[in-house]
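fold the following for me, if possible:
(one chain, ligands or ions: 2)
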Amino acid sequence: MRYSKAFVPTLKEVPADAKVDSHVFMIRGGYIRQVAAGVYNFLPLGWRVIQRIETIVREEMDRAGAQEILMPAAIPAELWQETGRWQKYGPELLRFKDRHGADYCFGPTHEEVVVDLVRRELKSYRELPTNLYQIQGKFRDERRPRAGLMRGREFIMKDAYSFDVDAESAAKSYDSMYAAYKRIFARCGLDFRPVEADTGSIGGAKSHEFQVLAESGEDNIVACDTCEYAANVEQAAIRAASEPGIQGGGELSKVSTPGKKTIADVAAFMKIAPSSLIKSLVYMADDKAIMVLLRGDRSLNEIALKKLTGATELFPAREGQLQKATGGPVGFVGPVGVDMPVYADMELKGASGAVVGANSMDTHLSGVDLARDVKVTEYVSLRQAEPGEPCARCEGHYVSYKGIEVGHVFSLGTVYSQPMNCSFLDENGKSQIAVMGCYGIGITRIAAAAIEQNHDKGGIIWPMSIAPYEVTVLPLQTNDEEVVRAANELYESLLDQGVAVLLDDRDERPGAKFKDADLIGVPLRIAIGKRSLGEGTLELKWRRESESSNIPAQGAAQAIAKLVADEKARLRGAGA
Ligand code: ATP
Ligand code: MG
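Ligands and ions are numbered 1, 2, ... in the order given. As a prediction, this is how the structure comes out:
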């Protein structure tokens, strides 16, 4: 591509609403433009990146024996009613009516559609296993679209669905997708880690997320410092405590705590550790108030609470709801005498001598014995694993990371095939239900995650495999015939060699060209200047390195093409 003809509207200013680096650079670099919250246009550079990611995904899915199809975005409600998800999925599902008043949704995921497709065709065990995938725009009406492509409302996903004769064969399909995912993310140049995960609204038995390690990630991961175990904190196993989390004893008594609303404030005021307090959280589970009790220094695992309550919508109670449910003002809520289900974290079983809110202004209760003073509905594991705590599997300890989930593999069992009756005849002519797996990759999110891991102050540093262009050629004096001719020749030869090349033929100062090249993030930069050309050399610089080097102008195209190929081969090797 010739830059002078390209639609690459770069910006000097940081856009006001962009807080995360990948979002900033995709806007500034002319990759994307917002259309509505979480909905974007992909400009030529952005679309090239997406297409390159898609190519890698297609190659590895095809290699693993999956076949590409395309399902519709508009899905009739009947299919979603068959599995009960029409009711269960909640407001993330964008619903609409056609001209006849029939209900539809814009597909956020396609289990129902693919099961319907397969059940109509599948007859015999001989047709299995089969794995069908698509790459398609999905819509999820996310509560908080965020950080550009990281969490969009309309985004591109690769979703695959496997069908097997039994659980054993399904496990093989799962493993083959797991291996394909490792190759895909390595080829995309990502530093990632597969972790055990919650199965969420998709349902099913076993699942792994592929997490790109990045500070800006939304997901909290714990990994053992000794064994292989790594999991999303939503899912991380917690080793059962041998002793109750709080042991104090004593009488139930009121303590005046004027203005002390937080765990930290109360602990400091009473000169006790936060771990001697019990945190009382009120949640609205489908409009019904419930209370959760945790040790003061712990965090709630909302996913565990969602599973426990089976609620479609689960939110922390707002001030008014809280007051109505407990009578207590914010900051002084507690479990003694309340009239609602109270779920206490496992760690609090047998807790005594604890401090809780008293449901009245500026007052707490001390000496609380849960068994004696509180009507606990159930003790369940409701907290998140913390860094430093013992691993549930071995003698090691947890370390925490932040991650961006770029892929997710689920073993589904018959969660969808059973209610939708997706069956086949086995060797004995007996009807059996197909055993399924489903496998998602956030194509557009990969682009954002790659930038989070690969950038500096000046802009993006694309991995070679997914860069919009692999090489950029910069003629530094556009009024010098020799320079222009050499740049054009190199450009043409690189195209001949199959290299994706951007020729910056704009009539701009070298400084401006260098700045844009850095911002856009093309991995290899070749500058052609009057002086060095006179000496028979070109200046080569890797975007990721600070120093440049000179290469002979003679045979430059072949040498550069080889560098590009070697770099892609290196990434391929990392995933093998
Ligand atoms: P999250 O926990 O981030 O909401 P999810 O569990 O809802 O993700 P899946 O249903 O497993 O996601 O979807 C498969 C993949 O699609 C995810 O691994 C992620 O990479 C991508 N994805 C999901 N939601 C979004 C979104 N709103 N924007 C961009 N990519 C997304
Ligand atoms: Mg989600």
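
which element is residue 407 on?
Per DSSP states H and E, residue 407 falls inside strand 398-413.

packing partners of that strand?
helix 167-187, strand 192-196, strand 206-213, strand 219-224, strand 435-442, helix 443-453 (3 or more Cβ pairs under 8 Å, 6 or more residues apart in numbering; DSSP states H and E). In this view, the C-beta of every residue, glycine as well, is placed from N, C-alpha and C.

please list the residues of the chain that sit near ligand 1.
By Cβ under 6 Å from any ligand atom, the residues of the chain that approach ligand 1 are 109, 140, 142, 151-152, 155, 157, 200, 202, 405-408, 440, 442, 444-445.

give me the ChimeraX select line for those, limited to the buried ones.
Selection of buried members from the residues of the chain next to ligand 1 for ChimeraX, criterion 16 or more other Cβ atoms under 10 Å:
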select :109,140,142,151,152,155,157,200,202,405,406,407,408,440,442,444,445
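
break down the stretch 201-350 of the chain into its strands, ranges please.
Using DSSP state E, counting those that start in this stretch, the strands assigned to the stretch 201-350 of the chain run over residues 206-213, 219-224, 230-232, 253-256, 278-285, 288-295, 314-316, 342-345.

so which of those strands is nearest residue 418?
Closest approach to residue 418 among the strands of the stretch 201-350 of the chain (Cβ to Cβ): strand 206-213, 17.1 Å.

what's the domain layout of this structure?
The record's domain split for the chain, according to automatic domain parsing, is 16-191+417-452, 253-380, 469-574.

select, out of those domains, the one closest to residue 227.
The nearest among the domains of the chain, by Cβ to Cβ, is domain 16-191+417-452 at 18.3 Å.

now do the same end-to-end measure for the closest one.
End-to-end span of domain 16-191+417-452 (Cα to Cα, to the nearest Å): 19 Å.

possible to save the helices and strands packed on strand 398-413 as JSON lines with mean pLDDT?
Below are the helices and strands packed on strand 398-413 laid out as JSON lines (pLDDT from 0 to 100):
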{"stretch": "helix 167-187", "mean pLDDT": "97"}
{"stretch": "strand 192-196", "mean pLDDT": "92"}
{"stretch": "strand 206-213", "mean pLDDT": "92"}
{"stretch": "strand 219-224", "mean pLDDT": "90"}
{"stretch": "strand 435-442", "mean pLDDT": "97"}
{"stretch": "helix 443-453", "mean pLDDT": "98"}
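
pLDDT weak spots in the chain?
199-205, 576 (pLDDT under 70).

in it, what residue lies closest to ligand 1?
Residue of the chain nearest ligand 1, by Cβ to the nearest ligand atom: residue 442 (2.3 Å).

packing partners for the helix or strand residue 557 falls within?
Taking DSSP H and E as the definition, one finds residue 557 inside helix 556-574. Packed against helix 556-574 by the contact rule (3+ Cβ pairs under 8 Å, 6+ apart) you find helix 167-187, helix 481-496, strand 524-528, strand 549-552.

quick one, helices of the stretch 1-150 of the chain?
Using DSSP state H, counting those that start in this stretch, the helices found in the stretch 1-150 of the chain span residues 21-28, 44-63, 77-83, 85-88, 111-121.

and the ones you listed, which is most packed in?
Highest mean neighbour count among the helices of the stretch 1-150 of the chain (mean count of other Cβ atoms under 10 Å): helix 21-28, with a mean of 24.

so what's the residue nearest to residue 311 when sequence neighbours are not counted up against?
Among residues not flanking residue 311 along the chain, residue 285 sits closest, at 3.7 Å (Cβ to Cβ, 6 or more residues apart in numbering). Neighbouring residues of residue 285 by Cβ atoms under 8 Å, 6 or more residues apart in numbering: 305, 309, 311, 313-314.

mind doing that once more with 7 Å?
309, 311, 314 (Cβ atoms under 7 Å, 6 or more residues apart in numbering).

how close does residue 326 get to residue 111?
40 Å (Cβ to Cβ, to the nearest Å).

re the thing from before, any idea of the angle the helix holding residue 557 forms with helix 481-496?
Orientation note: helix 556-574 sits at an angle of 40 degrees relative to helix 481-496 (axes from the mean of the first three to the mean of the last three Cα atoms, to 10 degrees).

which residues are contacting helix 556-574?
Under the criterion Cβ under 7 Å, 6+ apart, residues 186-187, 189, 463-465, 470-471, 490, 493-494, 497, 499, 524, 526, 538, 551 lie in contact with helix 556-574.

pick the most buried one from the helices and strands packed on helix 556-574.
strand 524-528 (a mean of 23).

quick one: stretch 327-345 to chain centroid distance?
When C-alpha coordinates are averaged (Cα atoms, centre = their mean, to the nearest Å), stretch 327-345 and its chain have centres 34 Å apart.

swap in stretch 558-568?
With Cα atoms, centre = their mean, you get 32 Å for stretch 558-568.

put the alpha carbons of that stretch into PDB.
In PDB, the C-alpha atoms belonging to stretch 558-568 read as follows (Å, rounded to 0.1, in the frame of the first residue of the first chain):
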ATOM      1  CA  GLN A 558      15.400 -11.000  -0.300                       C
ATOM      2  CA  ALA A 559      17.200 -10.300   3.000                       C
ATOM      3  CA  ILE A 560      14.100  -8.500   4.400                       C
ATOM      4  CA  ALA A 561      11.700 -11.200   3.200                       C
ATOM      5  CA  LYS A 562      13.800 -13.800   5.000                       C
ATOM      6  CA  LEU A 563      13.800 -11.800   8.200                       C
ATOM      7  CA  VAL A 564      10.000 -11.600   8.000                       C
ATOM      8  CA  ALA A 565       9.600 -15.400   7.300                       C
ATOM      9  CA  ASP A 566      12.100 -16.300  10.100                       C
ATOM     10  CA  GLU A 567      10.200 -14.200  12.600                       C
ATOM     11  CA  LYS A 568       6.800 -15.800  11.700                       C
END
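
start the count at 25 instead of 1 going forward.
Shifting the count to begin at 25 puts that one at stretch 582-592.

how about that stretch: buried residues?
Neighbour-count burial for stretch 582-592 flags 584-585, 587-588, 591-592 (criterion: 16+ other Cβ under 10 Å).
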